[in-house]
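J.: Generate coordinates for the sequence data below:
(2 chains)
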Amino acid sequence: EAGVAQSPRYKIIEKRQSVAFWCNPISGHATLYWYQQILGQGPKLLIQFQNNGVVDDSQLPKDRFSAERLKGVDSTLKIQPAKLEDSAVYLCASSLDPGGRQYFGPGTRLTVT
Amino acid sequence: GQQLNQSPQSMFIQEGEDVSMNCTSSSIFNTWLWYKQDPGEGPVLLIALYKAGELTSNGRLTAQFGITRKDSFLNISASIPSDVGIYFCAGSGAGSYQLTFGKGTKLSVIP
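T.: Numbers count the residues shown, from 1 in each chain, chains lettered A, B, ... in the order given. Reported below is the predicted structural model:
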């Protein structure tokens, strides 16, 4: 069974530029999560989807971050414009249902200069 | 919001030694999870705990859900070089599946 796929694996951008990350969850997983992991910290939930609807986006900085999961499968996370403090690893995870075991992808390491 | 204090931050041990790390929460959790993260990878679930007092093993790993529901510990017995990585505790409280993660314990094993 294929795991959670993410791309790109690495991205370097200048501040005020835009960036987008892509995630393909495990087939059949209805719940998808985006986490931000700053160096030396644990992952922090940004947004949770159930199928194509948002369940929790309380910790998403909505002035610059946006995410969508239009067809209830793949998802994209966008940052526009990026700030230096956005430098982090962005992890995508999926689970069969909201309380189920979360499987994490390898993450996208973003560096904002 | 909920906060998790995980300790120690880092550990250097000799191969074959036992390891213990723990997490404490400022509030009651209904679920405690322990993950391992290797460089360049996402966290992988090691052990899940769902009841206060629960003691669960996975090979050389043993974790316990504290009776107060505000703490958990993870033990690794007879460490080996592939145990190297960062171990995270995570938990969720009443009425929410949202996970709060600790800051991690970085384990280094000296052969």
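J.: alpha carbons only for contacts and neighbour counts from here, please
T.: Will do.
J.: Run through the bridge partners of residue 91.
T.: If you meant another chain, say so; for now it's chain A. Counting by DSSP bridges, A:Leu91 forms beta bridges with A:Tyr35.
J.: wrong one, I was asking about chain B
T.: Beta-bridge partners of B:Gly91, counted by DSSP bridges, are B:Trp32, B:Thr100.
J.: gap between it and B:Ser77?
T.: With distances taken as CA to CA, to the nearest Å, B:Gly91 is found 23 Å from B:Ser77.
J.: Kindly report the same for A:Gln80.
T.: According to CA to CA, A:Gln80 stands 46 Å off from B:Ser77.
J.: on that earlier part again, B:Gly91 and B:Ser77: who's more crowded?
T.: More neighbours surround B:Gly91 than the other of B:Gly91 and B:Ser77, with 28 against 15 (other CA atoms under 10 Å in any protein chain shown).
J.: Any residues of chain B in contact with chain A? List them.
T.: Residues of chain B found near chain A (CA under 8 Å from any CA of the partner chain) are B:40-45, B:88, B:97-104.
J.: Get me the contact residues on chain A for chain B.
T.: Residues of chain A lying close to chain B by CA under 8 Å from any CA are A:40-45, A:91, A:98-99, A:102-107.
J.: Give me the buried entries from the residues you listed.
T.: For the residues of chain A next to chain B, a neighbour count by 16 or more other CA atoms under 10 Å in any protein chain shown gives the buried set as A:42-45, A:91, A:98, A:102-107.
J.: what's the lowest-pLDDT member of these?
T.: On pLDDT alone, A:Pro98 ranks lowest of those, at 89.
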